[in-house]
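Student: 3D model of this:
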Amino acid sequence: MTQYIGLAPDTGATLTDTAQLAASLRTLLTTPIGSRLMRRDYGSRIPDLLHAPLNPATLLRLTAAAYIAIRRWEPRLSITRITFESSPTTPGRLVAQLTATRTDTPTARAPTLLEIAL
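Tutor: Sure thing, here's the model as predicted:
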């Protein structure tokens with residue numbers, strides 16, 4: 001199994017494997033398309049939708065934006081389900097819950113649940 005290592009963007013602590021994957025997804029989903037100089041198409045449309053009313057149409061747009069970005073930029077995951085909910089601990093914060101299968105590990109076919117605060 002490949003061991004991924006990264007840094008937590010808020011603390012600088014070392015992240016490994018699933019925590020690093022969640023941090024990568026948070027960066028991907030919160031980066032507006034067009035904001036990266038050398039990679040203008042990196043990111044998602046989620047930042048454009050965060051201040052929209054939280055109704056079924058916006059939830060559908062959020063889900064589509066997340067799926068498109070992850071499908072394009074995160075080859076380590078095959079998405080099974082994406083849902084968005086309000087954070088129970090932080091008012092006004094949205095949390096993406098992803099159920100996916102890791103594609104980078106041949107033996108790990110069990111679904112992985114990731115929660116990403118947006």
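
Student: how near is residue 63 to residue 32?
Tutor: To residue 32, residue 63 is 18 Å away according to CB to CB, to the nearest Å. All C-beta spots, glycine's among them, are computed from the backbone N, C-alpha and C.

Student: centre-most residue in the chain?
Tutor: residue 25 (3.3 Å; CA atoms, centre = their mean).

Student: per-residue pLDDT, it?
Tutor: Listed pLDDT for residue 25 reads 91.

Student: if we can go back for a sec, more neighbours: which of residue 63 and residue 32?
Tutor: residue 63 (17 against 13; other CB atoms under 10 Å).

Student: phi, psi for the more buried one please.
Tutor: Phi and psi for residue 63, reported as degrees, to the nearest 10, are phi -60, psi -50.

Student: helix/strand/coil for the closest residue to it other than its chain neighbours?
Tutor: By the measure of CB to CB, 6 or more residues apart in numbering, the closest residue to residue 63 outside its immediate chain neighbours is residue 82, 5.1 Å from it. Under DSSP: H, G, I helix; E, B strand; the rest coil, residue 82 falls in the strand class.
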